[in-house]
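J.: sequence? don't have it. structure:
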């Protein structure tokens, strides 16, 4: 099976995506959607490159979009990094300390 190469335009959800929209022909022009059987770990930024193989399940002519069913193992180049955990803000930490003191 032929592998296709494209650049990430968007992902849904942003972390642990199950759907990735890629630009194959022209930069920043979405023309391929990868629908994943399982979420990928972490996230990647728009503009990063992936290679994939899969089975085309549908397409629309206007605007052009081909939708592929893809297994995570059929994607090369996924480096998914998890977002940094949210830190408590200073005001919340002070409020907790104040509540404990009372």
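T.: Yes, it's here. What you are looking at is a predicted structure, and each value in this text was computed from that prediction instead of being measured. Numbers count the residues shown, from 1 in each chain.

J.: Spit out the contact partners of residue 72.
T.: Contact partners of residue 72, counting by Cβ atoms under 8 Å, 6 or more residues apart in numbering, are 36, 37, 38, 40, 78. All C-beta spots, glycine's among them, are computed from the backbone N, C-alpha and C.

J.: nearest to residue 30, of those residues?
T.: Of all those, residue 30 sits closest to residue 36, with 16.3 Å by Cβ to Cβ.

J.: What count of nearby residues applies to that closest one?
T.: 20 (other Cβ atoms under 10 Å).

J.: Let the chain start at 183 from now.
T.: That works, and once the first residue is 183, the last one we named lands at residue 218.

J.: Would you agree it is in contact with residue 195?
T.: No. Assessed by Cβ atoms under 8 Å, residue 218 is found out of contact with residue 195, at 11.6 Å.

J.: if I look at residue 203, how far off is residue 217?
T.: For residue 203, the distance to residue 217 (Cβ to Cβ, to the nearest Å) stands at 10 Å.

J.: which of the two has more neighbours?
T.: Per other Cβ under 10 Å, whichever of residue 203 and residue 217 has more neighbours is residue 203, with 19 against 14.

J.: Show the contacting residues for that one.
T.: Shown in contact with residue 203 (Cβ under 8 Å, 6+ apart): 190, 191, 192, 193, 212, 214, 215, 216.
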